[in-house]
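Chemist: I'll drop the sequence and a predicted model, then ask my questions.
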Amino acid sequence: MALTTGQAVASIAVMALVTFLTRALPFLLFDRGSAPPKVVLYLGKVLPPAVIAMLIIYCLRNVSFSIPADWTSEAILAAMSTWAPQLAAAAAVVVLHLWKRNNLLSIFGGTALYMVLVQAVFV
């Protein structure tokens, strides 16, 4: 589906307006000198760990932790290479988040560990 120039400009304008409004909304809702409502403080405290937990569950949703029936070391290592990097990276995300309480550090640290494991260790 191709957009005309007018449709493209209108789409960009609507996206820019929505982005601006979502950024300006906190300044419009809350007074500058007063403390934010308790519900906002509560959400600021509980949402980051909840988002991290949701991301971990989402990333591990298709991981199969099965071990092959023949129990040879090669078969076990091959099976582990499918789930061990994901599990190690998820554990790193949890540990980093509990240690530093920094969402970006947790996500980037887990991603970096996963990429190192997949590219260099479990090849």
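Modeler: That came through, no problem.
Chemist: When you work out contacts or count neighbours from here on, use the C-alpha atoms and nothing else.
Modeler: OK.
Chemist: what's near enough to touch F122?
Modeler: Applying C-alpha atoms under 8 Å, 6 or more residues apart in numbering, we find F122 in contact with 81, 85.
Chemist: next one: phi and psi at it?
Modeler: Main-chain torsions, F122, degrees, to the nearest 10: phi -100, psi 70.
Chemist: Next: L3.
Modeler: Dihedral angles (degrees, to the nearest 10) for L3: phi -100, psi 150.
Chemist: For burial, what's the neighbour tally of I67?
Modeler: Counted with other C-alpha atoms under 10 Å, the neighbours of I67 add up to 13.
Chemist: tell me the secondary structure for it?
Modeler: Of the three states, I67 takes coil under DSSP: H, G, I helix; E, B strand; the rest coil.
Chemist: any idea how far V94 is from it?
Modeler: Remark: distance between I67 and V94 (C-alpha to C-alpha, to the nearest Å) = 25 Å.
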